[in-house]
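Trainee: what's the 3D shape of this:
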Amino acid sequence: MGKKYHLFEVYGIELEYMLVNHDLSVAPIVDKLMMLKEGEITSDVDNGNIAWSNELVAHVIELKTNGPTAQLNDLGQEFHKNILEINRLLQPLGTKLLGTAANPLMNPTTDTVLWKHTYSEVYNLYNAIFNCTGHGWSNVQSTHLNLPFYNDEEFEKLHAAIRLVLPLIPGLCASSPILEGNITGFADTRLEYYKNNQKKIPHLTAKVIPEPIFNKDDYYKSIFNPIKKAIKPYDIDNILEHHFLNSRGAIARFDRNAIEIRLVDIQECPKADIAICVLIIEVLKALVNNNFESLEKQKLANTDALYAI
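Mentor: You can find the predicted model right below:
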């Protein structure tokens, strides 16, 4: 574990993008992009303030703050510079990055190719368990917002506030209304698939809104330990790690003392993504400061009621 930070002292933001050809067909060539950038196939690229990394599927790349940052004002421009660089590298291949949370034309049954390099044993096991050739796995680009906590007291405040905000996020930033050329009836189709993509082992996602748990010990007892037990029959070699298996809409990362919000559909430009993150942060600050309700009242929020929103 690295340095611990207090509430709202720093942030981590991750943006996922799909590589597509000019006709929007999927381009599973993130490894070629890494080769163009680094001269070798690698899982991670250190590009100054922004880092790049591969994902489960070979057509998705993640851009993220290169470590915790307190500076959000220019972050949209930093991401934009990296997007322009990637598009320049991809141009000779007839490929570019696609914004928004879902490719509106992708057929995941025929278009999904898993990452075949570093950590491929993890991705292959996920595929063996859940069959990752579906929209819920290979066509779900999102923005992740990481918020630090220093100790159990700060975790309690932050987790209580995040639970209240989560149901509001899809209404703010849904960007996935079309799949396979058809209007789905959902503004946030990504989330509809996200809710069900691990239904084979329901405890991994549960009801998306995390349970009302407000300290590390209880989190392990109620979430992580049941996850470990549920996955054991499928993961006899202990390849999968509980922090990553937890797929709720906000997940506690006690390995780095942060909570990661995962319900934000990615937008068409990074300035919009950062603006959404800043709005979420400011609302969370108000909740943590008890501007609307006391902490004790926030903690009483019922998971089923929040899910129903």
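Trainee: so which bits of the one helix or strand Ile162 maps to are buried?
Mentor: Take DSSP states H and E as the rule and Ile162 turns out to sit in helix 152-165. Buried positions in helix 152-165, judged by neighbour count with 16 or more other Cβ atoms under 10 Å: 154-165. Every residue, glycine included, has its C-beta placed from N, CA and C.
Trainee: what are the phi and psi values at the residue lying closest to Ala58 once chain neighbours are set aside?
Mentor: Residue nearest to Ala58 in three dimensions, not counting chain neighbours: Pro28, with 3.6 Å by Cβ to Cβ, 6 or more residues apart in numbering. For Pro28, the backbone dihedrals (degrees, to the nearest 10) come out as phi -80, psi 60.
Trainee: doesn't Val113 make contact with Pro28?
Mentor: Yes. Using Cβ atoms under 8 Å, Pro28 is in contact with Val113, at 3.9 Å.
Trainee: joint contacts of the two?
Mentor: Residues touching both Pro28 and Val113 comprise 57-59, with contact defined as Cβ atoms under 8 Å, 6 or more residues apart in numbering.
Trainee: for the stretch 151-300 of the chain, what spans make up the strands?
Mentor: Taking DSSP state E, counting those that start in this stretch, the strands of the stretch 151-300 of the chain run over residues 178-179, 182-183, 250-253, 258-265.
Trainee: Pro28 and Val113: which is more packed in?
Mentor: Pro28 (19 against 15; other Cβ atoms under 10 Å).
Trainee: pull the contacting residues for that one.
Mentor: Contacts here follow Cβ under 8 Å, 6+ apart; on that basis Pro28 touches 19, 57-59, 111, 113.
Trainee: ok, now which ones touch Tyr119?
Mentor: Residues Ser43 are the ones in contact with Tyr119 under the rule Cβ under 8 Å, 6+ apart.
Trainee: check Asn49 too.
Mentor: For Asn49, the set of contacting residues under the criterion of Cβ under 8 Å, 6+ apart consists of 65-66, 69, 78.
Trainee: export those residues as a markdown table, with columns for neighbour count and pLDDT.
Mentor: Converted to a markdown table, those look like this (neighbours: other Cβ atoms under 10 Å; pLDDT from 0 to 100):
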| residue | neighbour count | pLDDT |
| --- | --- | --- |
| Thr65 | 21 | 98 |
| Asn66 | 17 | 98 |
| Thr69 | 16 | 98 |
| Glu78 | 20 | 98 |
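Trainee: and the residues you listed, which of them are in helices?
Mentor: Assigned to helices by DSSP state H, the following of the contacts of Asn49 qualify: Glu78.
Trainee: hmm, which of the shared contacts of Pro28 and Val113 are the buried ones?
Mentor: Buried members of the shared contacts of Pro28 and Val113, counted by 16+ other Cβ under 10 Å: 57-59.
Trainee: pick the one among those residues closest to Tyr11.
Mentor: If you rank those by distance to Tyr11 using Cβ to Cβ, Val57 comes first, at 26.3 Å.
Trainee: and the closest one, its phi and psi?
Mentor: phi -110, psi 150.
Trainee: tell me if I'm right that it and Trp115 touch.
Mentor: Yes. Contact status for Val57 versus Trp115: in contact at 6.5 Å, counting by Cβ under 8 Å.
Trainee: what does the helix holding Ile162 contact?
Mentor: Under the criterion Cβ under 8 Å, 6+ apart, residues 6-7, 147, 149, 209-210, 212-216, 250, 252, 259, 261, 280, 283-284, 287-288, 295, 298-299, 301, 303, 306 lie in contact with helix 152-165.
Trainee: which of the residues you listed are buried?
Mentor: Buried residues within these, counting neighbours by 16+ other Cβ under 10 Å: 7, 147, 149, 209-210, 212-214, 216, 250, 252, 259, 261, 280, 283-284, 287-288, 298-299, 306.
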